[in-house]
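Trainee: Sequence isn't available, so here's the structure alone:
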């Protein structure tokens, strides 16, 4: 059966759903709005005022965990550095003490040698009966 | 398509609706309900489903009112959302019909010229076309859109729209002839 484009246009012309359609849409709109406002009210009522909204809770939790983790890591690192610095300081102090000890011993030896030398000179210049007898202390 | 005066009225209603005027929104629904409902009804061939889809489209419009800039943008937006809602629902429904078109009275029409039997057969045959072809035909002959506008709405190349249109008309002719042949065979 042949048909023209006008037939098709006529078959597919716009149809009005009727005057009650707008009322149905407006009623559904009212219902949706009412349901939404009830939902929002319930959401606000359940949550204590001092608590953050639940949708931010995971973000807040993650941020808190991140801050704690980074803080602990930084604290541990600074403790390690402090301990290392303390050890180096103690070692340097020990080395300085050892050096001072060695220098003191050397100074005492030099003084002893000088005194011995002076003693020998004085002793050799004295007459034999006056010679000083060297005694060890 | 709304003429200049209608367009001004719709733009005024749009402005008032954005400010929260429910009556203005109702005016907008009244002005566009035939277009939205007819796209859904011709595509789904199910009056109650078409009404549901049309209502959903207007509810979605209410949520997105602030994004609408003008009367022509509103028409374009409603057409686009209706088309995609229908295609989505058609795919989900997967040929299951909750209520046949024949069981319900035909919606009000402006005039009753033309052969009613041919009109009914054309609509029935349209239902048998694949979804994209059906939507292209509806947009071309119900909404009087050109291939470029259809291509934009359906995200298709213009040449594909043109070839789909030709193929759809051929398919319609072939199917309609076959259907009438079967009918004649059944009668005689």
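Mentor: It's in. Small disclaimer: the values here were computed from a predicted structure and weren't measured.
Trainee: where does the chain dip in pLDDT?
Mentor: I'll assume chain A. A:1, A:44, A:46-54, A:134-137 (pLDDT under 70).
Trainee: try again with chain B
Mentor: Those would be B:1-3, B:94-114, B:179-188, if you go by pLDDT under 70 across chain B.
Trainee: So which residues of it form helices?
Mentor: Ranges of helices within chain B are B:4-18, B:22-44, B:47-63, B:71-93, B:116-127, B:131-141, B:147-154, B:158-187, based on DSSP state H.
Trainee: Indicate which one of those helices is closest to residue A:63.
Mentor: For residue A:63, the closest of the helices of chain B is helix B:47-63, at 31.6 Å, according to Cβ to Cβ. (Each C-beta comes from the backbone N, C-alpha and C, glycine too.)
Trainee: Could I get the buried residue list for the closest one?
Mentor: B:47, B:49-58, B:61-62 (16 or more other Cβ atoms under 10 Å in any protein chain shown).
Trainee: how about the residues you listed, which pair is most distant?
Mentor: B:47 and B:62 (22.8 Å).
Trainee: sorry, back to before: kindly reformat the helices of chain B as a markdown table containing distance to chain A.
Mentor: A markdown table is the format used below for these (distance: least, Cβ to the nearest Cβ, whole Å):
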| stretch | distance to chain A |
| --- | --- |
| helix B:4-18 | 11 |
| helix B:22-44 | 4 |
| helix B:47-63 | 5 |
| helix B:71-93 | 12 |
| helix B:116-127 | 4 |
| helix B:131-141 | 5 |
| helix B:147-154 | 14 |
| helix B:158-187 | 5 |
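Trainee: how about those in JSON lines, adding distance to residue A:118?
Mentor: Formatted as JSON lines, the helices of chain B follow (distance: least, Cβ to Cβ, whole Å):
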{"stretch": "helix B:4-18", "distance to residue A:118": "115"}
{"stretch": "helix B:22-44", "distance to residue A:118": "122"}
{"stretch": "helix B:47-63", "distance to residue A:118": "112"}
{"stretch": "helix B:71-93", "distance to residue A:118": "117"}
{"stretch": "helix B:116-127", "distance to residue A:118": "134"}
{"stretch": "helix B:131-141", "distance to residue A:118": "123"}
{"stretch": "helix B:147-154", "distance to residue A:118": "118"}
{"stretch": "helix B:158-187", "distance to residue A:118": "121"}
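Trainee: To residue A:76, which of those helices lies closest?
Mentor: helix B:47-63 (51.6 Å).
Trainee: what angle do the closest one and helix B:71-93 make?
Mentor: 130 degrees (axes from the mean of the first three to the mean of the last three Cα atoms, to 10 degrees).
Trainee: Would you report the backbone torsion angles of residue A:16?
Mentor: phi -90, psi 130 (degrees, to the nearest 10).
Trainee: would you say residue A:13 is within a helix?
Mentor: No. Under DSSP: H, G, I helix; E, B strand; the rest coil, residue A:13 sits outside any helix and is assigned coil.
Trainee: count of neighbours near it?
Mentor: Counted with other Cβ atoms under 10 Å in any protein chain shown, the neighbours of residue A:13 add up to 18.
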